[in-house]
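In: Let's see this in three dimensions:
(chains A and B)
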Amino acid sequence: MSDIYYKSVKQVTNVLLFVEGIKDAAYNEVVHIKLDDGREVDGQVLDTKDGVAVIQSFGSTTGMDLSTTKVNFTGRTAKLKVSKDMIGRIFDGMGRVRDGGPQIYSDEEYDINGSAMNPYAREEPSEFIQTGISAIDAMNPLVRGQKLPIFSGSGLPHNKIAAQIARQAKLIGNNEKFNVVFGGIGLNSEEANFFINEFKDMGALENSIMFLNMSSESSMERLMLPRMALTAAEYLAYEHDTHVLVILTDMTNYCEALREVSAAREEVPGRRGFPGYMYTDLSTIYERAGKIKDKKGSITQIPILTMPGDDITNPIPDLTGYITEGQIVLSRDIFRRGMYPAIDVLLSLSRLKNQGIGKGKTREDHGNVTDQMFAAYAHGKDIRNLTEIVGEEALSEVDRQYLKFADLFESRFIKQDYYEDRTIDQSLDLGWELLSNISKSEMKRIKDAFIQKYGKWKE
Amino acid sequence: MDGYIYRISGPVVTVRGLPDAKMNDVVKVGELGLVGEVIKINGEDVIVQVYEDTSGLKPGEPTVDTEKQLSVMLGPGLMGGIYDGIQRPLDKIMEKSGDFISRGISVSPLDLKKKWSFKPTAKKGDKVSDFSIIGEVEETSMITDKIMVPIGMSGTIKSISEGDFTIDEPVAVISTDSGDKEVKLMQEWPVRYARPVKNKLPPDMPLITGQRVIDTLFPVAKGGTAAVPGPFGSGKTVIQQQLSKWSDSKVIVYVGCGERGNEMTEILSTFPELKDPKTGKPIMDRTILIANTSNMPVAAREASIYTGITIAEYYRDMGYDVALMADSTSRWAEALREISGRLEEMPGEEGYPAYLGKKISEFYERAGRVNTLNGSVGSITAIGAVSPPGGDLSDPVVQNTLRVTRVFWALDASLANARHFPSINWLNSYSLYIDNLSQWYKDTVDPEWGELYSNAMSVLQKEADINEIVQLVGYDALPESDKVTLDIAKMIREDLLQQNAFDEIDTYTSMHKQFLMLKGITLIGQKEVEAIERGVPTSQMSNIDAKAKMARMKLTPEDQIDAYFKDMQESINAIDKIKKEGE
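Out: Have a look, this model is predicted:
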């Protein structure tokens, strides 16, 4: 790092500085900006050419001027010092300690942007993670190394679900716990406190690394935070053979920060003002989940986002859904009827379901029962809509059974307590019990052998 | 002569000091030697799109013009390979740089040391011209490489020798007007140019995929083009993978363009174990994968579909049927948009460059069934997935794609949510090849085919109409004739169109079995209509034997299907004996 401070700032906007006279500023290089009043702000080189560098300031440019503000080019891109001592600690979006504890000292420093994992080196995720939530485990199971976001809306219980998953997640027949890396992006203090307290209560804080960026803090830091969190996660997973669960909330704040910064850079906007490269940008975060063939550790990601106006076609959930391996969607309708965790199983999907379930992984009947429940619930819901028009009297006997199934499925299968930890066997058995409300002849998606072995029909 | 970096803005780098640079030349940028391509020349400024991350590059770093255009290396050893968007082999990269892809790595796409056994099919004194086949190399258990004379080497064979050669050693010498030229097993081709052909042929043979909704209702011709648009979670990728596994083309090129890393891994781990249904050989022996996942550099994503189609053309020129899957062309279009934005070009619709439509049609135009320059007949079937934002089909990428492709498989989120897979909507999808292919179906499958097909389509259409009425008056108020139509439509949907890609038997259905299934449903339908005319209500026929058998038919193995159908026919005939209750 050089001690040279350039005093040749030629233009300042609310986020950008133009520095002249610099010959060799590197693209994406980190800079320190020193103000007259002693304040220091970090920044990053956005565009560099012979003689001029455009710098993005991470903090507010309030108080900067052309005559006294000095810029120091560090000669390096953004990095995070990593160490096992980070476990149990809380950091900010730039990786600085924010819990008042000692600094982290380490010789190991990682570029926070990471490198793309070679698809050839990846191992296909296949180990079922039991979250204890039926609507996830039985219907849309999470697998180690997967990235499975929660699509929520303002006021829905996504944070509670994330905390419940962090508390209960485990492999079957193996009580090995996950190390949690938590990234809170643009949270308000209540949300931040909720997670800190929950993690303390469940005794997970000692096994976790938390990165917090508060809603009052810089937007640029929001863009750095998930990369900091994932860099720490990669260090734990691939250098220390641990299984890491990364929870990122709220990705909507991340995307909004991206839009804000893009607008400040005067880039051509894409849909809803979000930059055209948002898909690529999000993928460099989400694609850092996974498993590597010759490594023991893994990274499982649960990003949480609130859909603006509950609209799943908004670019934030839309682009996320194209990258992640499925999604857990929460339903305001189910939540209004008081049924936590309010997961809409029909809109939800786990793309790695077939790799994670079945004989030797969960139970041989899992795939069949799930398919049947999906079909029955979808049909039951259609009938419910129909009933509103034609009345229940017009229904056939079979349709009435489906209607009853749909009601029970919501009130008994989806609904469960915040502290209720169901094993996969319990979830599947409950599924069989509910299916027995429909005639056996309707079970077209289940093999006869399973019906005989697990079925709960009264002869 | 060396140039130097003048400006860096994301993947777009401005270089000065290269006065001889030509458009689309490959350049090596910076100390690391990152691969880039010249995309614009403006006075002394040479604008380069860089295929790797540019973080840390500084103005003033050296840049070298390789004076070659972005090209692929074509020759034995391609099969079974997995490459990134600019044909760097990912397995070799892993050996060099570990689990994560580091920058500035250069690896030869093909193994330069491996010896291949070359058998000449031409002899000394033979006259040869562009792409003439002069010999063969057995590349894998399923693919025999035809060694072709590179373009611009017309003349007479001066010498040709049998034996073991590396791809870089000469196997023949040709005397041309401009002196003697060597032919090697390997040749290069710039990806942005289509390889020339003699002429295009009409599409009159279907690509048999074993997927019932496709083969029966919406077939694609060999050499045809198809678009698969659908919102996320609607099963685009599963359909693409099913086609690569089961379609009856000789060679598969699968381009994973800006998609998920784990999906490529899934292909890598499942394909080697899968056997070709006809030959029993591992299908990896006929597959080439191009994997440029979403988090890999965006400029290489732009190049990946050209890399893919150029390789496809190479095998087509040998006289093979090739199927190219591109998943997803939307990500490719987004890469175009991102680079166009960096070049500060005037944006068109949704920020996409104004030349988007032209680029898309240029790509699909490289598909087709052709007479090659050497006289053989080969084809490329191009199937492109499109990922419209929010499932909105008015998206410019979808619209430009639909304008040039002739088959449209409309994936439907509501079908996917009800777990009806493949979730191809039978009302919105279409195939413009139906007329071209009807003769083939008549000759090869059964003369009755055309009639059965039209009947099934009209039942599905009627079902949609009747369902609108049901919404108003309820099911019970329908006349029996409508109820029976709904009943038949339900059979078509559930027993024929629904297909489980993960079931051992259901995953692939031969044309013969598809015909029997379609015929079975039609026969049951006819008998039910007759029964209704006798006064038997539809409800009385909901649990008949024939229907239960029809439902199980998809799970019946191919070798038992004729016996099964015969047995089912008896159950179908038994419908005649059903009497009105109380009679």
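In: in the chain, which ranges drop under the pLDDT threshold?
Out: All of this refers to chain A. Applying pLDDT under 70 to chain A flags the ranges A:1-2, A:175, A:459.
In: Not quite, go with chain B.
Out: By pLDDT under 70, the low-scoring segments of chain B are B:1, B:582-583.
In: host element of B:A172?
Out: Using DSSP states H and E, B:A172 maps to strand B:170-176.
In: Now do that strand: which elements does it pack against?
Out: When contacts are defined as 3 or more Cβ pairs under 8 Å, 6 or more residues apart in numbering or on different chains; DSSP states H and E, strand B:170-176 packs onto strand B:116-120, strand B:133-138, strand B:155-160, strand B:179-184. For every residue, glycine as well, the C-beta is placed using N, CA and C.
In: Please point out which parts of the shortest one sit buried.
Out: Read that as strand B:116-120. The neighbour-count check on strand B:116-120 (16 or more other Cβ atoms under 10 Å in any protein chain shown) flags B:116, B:118, B:120 as buried.
In: Can you tell me which of these lies closest to chain A?
Out: B:W116 (23.4 Å; Cβ to the nearest Cβ).
In: residue contacts, that closest one?
Out: Counting by Cβ atoms under 8 Å, 6 or more residues apart in numbering or on different chains, B:W116 touches B:76-77, B:137, B:139, B:164-167, B:185.
In: what residues does the stretch 1-150 of chain A put near chain B?
Out: The interface of the stretch 1-150 of chain A toward chain B, taken as Cβ under 8 Å from any Cβ of the partner chain, is made up of A:23-29, A:46-50, A:77, A:111, A:113-125, A:145-146.
In: Okay, and which of the residues you listed map to strands?
Out: A:29, A:46-49, A:77, A:111, A:122-123 (DSSP state E).
In: would you turn those residues into JSON lines with distance to B:I466 and neighbour count?
Out: Output for these, formatted as JSON lines (distance: Cβ to Cβ, whole Å; neighbours: other Cβ atoms under 10 Å in any protein chain shown):
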{"residue": "A:E29", "distance to B:I466": "67", "neighbour count": "23"}
{"residue": "A:L46", "distance to B:I466": "60", "neighbour count": "19"}
{"residue": "A:D47", "distance to B:I466": "62", "neighbour count": "19"}
{"residue": "A:T48", "distance to B:I466": "66", "neighbour count": "28"}
{"residue": "A:K49", "distance to B:I466": "67", "neighbour count": "17"}
{"residue": "A:T77", "distance to B:I466": "64", "neighbour count": "18"}
{"residue": "A:D111", "distance to B:I466": "62", "neighbour count": "17"}
{"residue": "A:R122", "distance to B:I466": "49", "neighbour count": "24"}
{"residue": "A:E123", "distance to B:I466": "50", "neighbour count": "18"}
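In: Can you pull up the most central residue in chain B?
Out: The C-alpha lying nearest the average C-alpha coordinate of chain B belongs to B:M325 (Cα atoms, centre = their mean; 2.1 Å).
In: so it, which of the three states?
Out: strand (DSSP: H, G, I helix; E, B strand; the rest coil).
In: Over to B:M153?
Out: B:M153 - assigned by three-state DSSP - is coil.
In: and it, what does it touch?
Out: Counting by Cβ under 8 Å, 6+ apart, B:M153 makes contact with B:128, B:130, B:174, B:176, B:181, B:183.
In: cutoff 6 Å now
Out: Residues counted as contacts of B:M153 (Cβ atoms under 6 Å, 6 or more residues apart in numbering or on different chains) are B:174, B:176, B:181.
In: Among those, which one has the most neighbours?
Out: B:I174 (25 neighbours; other Cβ atoms under 10 Å in any protein chain shown).
In: follow-up on the earlier one: which of the helices and strands packed on strand B:170-176 is buried the deepest?
Out: Sort the helices and strands packed on strand B:170-176 by mean neighbour count, taking mean count of other Cβ atoms under 10 Å in any protein chain shown, and strand B:133-138 sits at the top with a mean of 19.
In: What parts of the stretch 101-250 of chain B come near chain A?
Out: B:101-102, B:232-233 (Cβ under 6 Å from any Cβ of the partner chain).
In: Type out the PyMOL command that picks the buried ones from those residues.
Out: Here is the PyMOL selection string for the buried members of these, based on 16+ other Cβ under 10 Å:
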select buried, chain B and resi 101+232+233
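In: What are the boundaries of the helices in the stretch 201-350 of chain B?
Out: Assigned by DSSP state H, counting those that start in this stretch, the helices in the stretch 201-350 of chain B fall at B:212, B:236-246, B:261-270, B:298-317, B:329-342.
In: cool, and the stretch 1-150 of chain A?
Out: Taking DSSP H, counting those that start in this stretch, the helices of the stretch 1-150 of chain A run over residues A:134.
In: Run a quick neighbour tally on B:V398.
Out: The tally of other residues near B:V398 (other Cβ under 10 Å) stands at 23.
In: Looks like it contacts B:V386 (just checking).
Out: Yes. Here B:V398 reaches B:V386: they are 5.2 Å apart, a contact under Cβ atoms under 6 Å.
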